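>>> let's see this in three dimensions:
(chains A and B)
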Amino acid sequence: MLQRLLAIIRKELITMLRDPRARLSLVIPPIIQLFIFSSAATMEVKNIALGVVDLDRGPYAADVEQRLNGSPSFTQLPRYASLAAARGALEREDVIGILVLPSGFSADLTARRQASAQLLLDGRRSNAAQITAQYVSAIVQTEGGDLTGAPASTPRPAAAAAMPNADVVIDNWFNPNLDYKWFMLPNLVGTLSLGVALMITALSVARERELGTFDQTLVSPATPLEIALGKLLPPLLVAVVQATLYLLIVTLLYGVPFRGNLLVFYAAVLSFAAACAGVGLFISSLVHTQQQAFLGAFAVLLPFALLSGFATPVENMPWWLQMVTAINPLAHMLRLMQGLFLKGASLAALAHDLVKLMEIAACTLGASVLLFYRKAG
Amino acid sequence: MSDTRSRLRSWWQQLAAIMIKEAKQVIRDPSSWIIAVVLPLTFLFLFGYGISLDTTVVKVAIVSEDGGRDGRDFAAALSSSRWFLVVPAVDRLAGERLLQDQAVKAVVIIPAQFSRLLDAQDTTAQVQVLVDGAEPNTANYVHGYVSAIWSAFLAARGRQQGAAPPTPVNIEARYWYNANAISRWFLIPGSMTVIMTLLGTLLTSLVIAREYERGTLEALYATPLTRGQILIGKTLPYFLLAMISMAVCVATALLLFQLPLRGSLLTLGLVSAVFLVPALGQGLLISVTMKSQMAAAQLGLMTGYLPAMMLSGFLFDIHSMPGWLRAITLVVPARYMNVSLQTVFLAGDVWSVLLPNMLFMLMVGALFFGLTWRRLHKRLD
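Model (predicted):
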């Protein structure tokens, strides 16, 4: 039994790795994806272009502009004579927003009255716009305090003086600089291995069906169970190799901390890859062509990725979708990766997700082998 | 004269023949219908409900070490906020444990003596906030929420004591095209782009590779069909399939997700048709380059689908990416589609946005089709 199984695994590995191009395609693309997507996947807002309509022309309005200029987040501050002129720029997405400083802005501040300014934002990019609004209000709200370069005789508005001495000290745990890469890279480690493990198994049986070699395997002395295991084990091997590669790149090159236990890491990778390979084999048993297998794999992959917290937090979803994430292996994998890399969570905290992952793996593997048995036997 | 006419007629007949053959192949395969209707519906549904950047309710632990009036007031302000769901914590240690076990997103610590320090003139009262920074976008929202509640708390306290308004400048922020800044409104047009890429690029990437693998491409070469006819015949059925699913997507977006359509349906159709030129072209290019379906599928996933997700401005703002990456996005057709769809849905038929974007899509499409044309030799290797 073991001998036959080993023979099948060897055959599967040879089919997978024979072609030098295929060998490279298992290593190079995931690394390129890691580089590109970790740079792309940022929700920080940088290089902001903000239009300014200065109807005030007073010293405080000039000061606001100067402060925006000094902020590294704003790279372009085109000035427009009127709101009508700025509107076109917003419509063309040349600027993400327009700050309108109304006439009387400086006069109000000089007279220690509350001044108001308008900020018009592009709702087509509402997330970036909301963050821009936070930046602008943080900069403008302190206006009226000290006027940079103003004559020394300018009186400080009374409001600032009446403020009590109190503040909020915010301390970011796990990711002190709120670096988006630190969040994205551990997530990519999980997500990229999902695609590989699922695709390889989903397409493998379908290809043999299409080429007609599947029947040959069936008439060999190998039992269906051995054939199924032979299809399942090579992707696990690939997943472990890739995960090791990612781990090295993410920690050594990007400097993301790894605060957890290596054993837990590999246990997570293996159970996760097993769960995915089980799903892949399940799909493979149901379809006839590679195109169908590919679509089937995709139809599973996308919901897995969307409902995992990879792109947007699980907490933002409606409750009934949050329930679905409980059976999504990627959701558990990502929590494990966040816990292992950034949070250094205790074994007890990780155990919950790890056990869930193993349960899912047992279910998908069991179901796929059963289905395979019925189809092949 | 009659010679050219008959030649033209036979050209059309040949084209019709291969188109019918391809169309039959698509229609007979039940999975095509699943692809055209079921898949887009499911995906749009998942995108619409599953992806949201609107941080709705954040779980926060409050550790109150201060028994004074101000401490209680601030804790009450946090509890009554619609952004926060407060989980009580006995002391700092308990709060920190909740944060580490991913049970809460933030811990607000109101230190002992807070109320007393707030009243005194020469001392500083500090509220400490520990935020789970692992997911920066949510962390930023938590910062914003806490600061807003804090300012409101100070303002209310100041008003009671008759002080001037604490913020000298009041900013009125208004969102054009999306007054409530609902993230779903810009994510759904983006989801449509992803679905269209999936249909346009991924499915066609298998079309010619399949014929290579099965050896039927040689049979196709033996027919009198020209390269142009093969290309058009292979593409058009998928074009129609993609347009049908686009219609399904639009109907779902308008009826289920209540997305406004401020432009016209005609423009929407035009933009979609134009987008399919580069999307299908890319699929065909992959298909003639890779000779196995497996490799074609992987390349399609990597160069078609993933960029449509990550580099199109669907989730991640292109303006915030580093320069070299922004340069790469220039050849991602989904990028132009995203801007166009967001504009047609939310802003209207703004031709100054749509025309340049459609032009870019056509240019990228011409590039892909040209390369495919060059690679599709009618000869056997």
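>>> skipping its backbone neighbours, what lies nearest the residue nearest in space to the middle of chain B in space?
Most central in chain B under CA atoms, centre = their mean is B:Phe314, positioned 3.0 Å from the mean C-alpha point. Using CB to CB, 6 or more residues apart in numbering or on different chains and skipping residues adjacent in sequence, the residue nearest B:Phe314 is B:Gly190, 3.4 Å away. All C-beta atoms are positioned from the backbone trio N, CA, C, and that covers glycine.
>>> on that earlier part again, what secondary structure does the residue nearest to the centre of chain B sit in?
coil (DSSP: H, G, I helix; E, B strand; the rest coil).
>>> residue of chain A with the smallest distance to chain B?
Proximity to chain B, evaluated over chain A using CB to the nearest CB, is greatest for A:Gly123 at 2.6 Å.
>>> pLDDT below threshold where in the stretch 51-200 of chain A?
Where the stretch 51-200 of chain A drops to pLDDT under 70, the residues are A:142-166.
>>> need the contact list for the closest residue in space to B:Ile208 that isn't next to it in sequence.
The shortest distance from B:Ile208 to any non-neighbouring residue, by CB to CB, 6+ apart, is to B:Ser287 (3.9 Å). Contact analysis of B:Ser287 by CB atoms under 8 Å, 6 or more residues apart in numbering or on different chains lists B:204-209, B:296.
>>> tabulate the residues you listed (TSV), appending pLDDT and secondary structure.
Converted to TSV, the contacts of B:Ser287 look like this (pLDDT from 0 to 100; DSSP: H, G, I helix; E, B strand; the rest coil):
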residue	pLDDT	secondary structure
B:Thr204	85	helix
B:Ser205	84	helix
B:Leu206	79	coil
B:Val207	80	helix
B:Ile208	81	helix
B:Ala209	82	helix
B:Ala296	84	helix
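>>> in ChimeraX, how would I select the buried members of those?
In ChimeraX, this line selects whichever of these come out buried by 16 or more other CB atoms under 10 Å in any protein chain shown:
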select /B:204,205,206,207,208,209,296
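>>> between the contacts of B:Ser287, which is nearest chain A?
B:Leu206 (4.8 Å).
>>> in contact with the residue in the stretch 1-150 of chain B positioned nearest to chain A, which residues?
Chain A sits closest to B:Gly133 of the stretch 1-150 of chain B, with a gap of 3.4 Å, by CB to the nearest CB. Taking CB under 8 Å, 6+ apart, we find B:Gly133 in contact with A:172-176, A:178, B:139.
>>> quick check on those residues: which are buried?
Listed as buried from the contacts of B:Gly133 are A:172-175, A:178, B:139; burial here means 16+ other CB under 10 Å.
>>> report the mean confidence score over stretch A:16-31.
Stretch A:16-31 comes out with an average pLDDT of 75.
>>> then stretch A:270-281?
Here the average pLDDT along stretch A:270-281 is 91.
>>> circling back to that earlier point, quick one: secondary structure of the nearest residue to the residue of chain A closest to chain B once chain neighbours are set aside?
Leaving aside its sequence neighbours, A:Gly123 sits nearest to B:Asn178 (CB to CB, 6+ apart; 2.6 Å). Classification of B:Asn178 using three-state DSSP returns coil.
>>> my read: B:Asn178 touches A:Asn127, true?
No. The criterion here is CB atoms under 8 Å, and B:Asn178 misses it with A:Asn127 at 10.6 Å.
>>> overlap of the contact sets of these two?
B:Phe186.
>>> please enumerate the helices of the stretch 51-200 of chain A.
Taking DSSP state H, counting those that start in this stretch, the helices of the stretch 51-200 of chain A run over residues A:59-70, A:83-91, A:105-110, A:126-141, A:158-162, A:180-211.
>>> need the contact list for the residue lying closest to A:Ile249 once chain neighbours are set aside.
Excluding its sequence neighbours, the residue lying closest to A:Ile249 (CB to CB, 6+ apart) is A:Leu34, at 6.3 Å. Contacts for A:Leu34 (CB under 8 Å, 6+ apart) come out as A:185, A:188, A:192, A:246, A:249-250.
>>> next: B:Ile35.
A:295, B:199, B:203, B:241, B:245.
>>> tell me the one of the contacts of B:Gly133 nearest A:Ala89?
Closest approach between those and A:Ala89, by CB to CB: A:Leu178, at 30.0 Å.
>>> isn't B:Arg262 up against B:Leu341?
No. When contacts are counted by CB under 8 Å, B:Arg262 is not listed as touching B:Leu341 (11.9 Å).
>>> tell me which of these two has more neighbours.
Ranked by neighbour count (other CB atoms under 10 Å in any protein chain shown), B:Arg262 and B:Leu341 place B:Leu341 first, with 30 against 14.
>>> what about stretch B:267-286, distance to the chain center?
Chain-centre distance of stretch B:267-286: 17 Å, with CA atoms, centre = their mean, to the nearest Å.
>>> gap between the two ends of stretch B:89-106?
12 Å (CA to CA, to the nearest Å).
>>> buried residues in it, which are they?
B:89, B:92, B:95-100, B:102, B:104-106.
>>> again with stretch B:271-279
By neighbour count with 16+ other CB under 10 Å, stretch B:271-279 contains the buried residues B:271-272, B:274-279.
>>> thanks a lot, see you next time.
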